[in-house]
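sequence and computational prediction follow.
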Amino acid sequence: MDALERIKQQVTENPIIIYMKGSPDFPQCGFSARSTQALKACNVPFSFINIFEDEEIYRALPKFANWPTFPQLYVKGELIGGCDITLDLFQSGELKKMLDEAVASGKKAA
């Protein structure tokens, strides 16, 4: 399976997934740190991929959704955006609603 197919599988199988530099507990850039802080503040489970641990994903992800930077947040298979968009959605309250809905719909499907 090539990297683009693996990314498609990951975003399909995980209701909430963030591709980031590092991990939620040990982010390796400020943008990844702020994005995961917003996700953690929403109190929902989410998956993550450390792009530094998989060079194929690191190289293919910008092509997957035509988004050149990291982190990248996907909810229910759709790219939401990077750090700025994630923080804007968090501050408006929309991120929590979106994530709660993704978790609820994920439970129904299982």
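On my side now, so go ahead.

so for S105, what's the pLDDT?
At S105, the pLDDT value in this model is 87.

which neighbouring elements make contact with the lowest-mean-pLDDT helix or strand in the chain?
Within the chain, judged by mean pLDDT, DSSP states H and E, the helix or strand with the poorest mean is helix 94-109; its value is a mean of 86. When contacts are defined as 3 or more CB pairs under 8 Å, 6 or more residues apart in numbering; DSSP states H and E, helix 94-109 sits against strand 16-20, helix 30-41, strand 72-75, helix 83-92. Using the backbone N, CA and C atoms, a C-beta is placed for each residue, glycine as well.

same thing but at 10 Å, please
strand 16-20, helix 30-41, strand 72-75, strand 78-81, helix 83-92 (3 or more CB pairs under 10 Å, 6 or more residues apart in numbering; DSSP states H and E).
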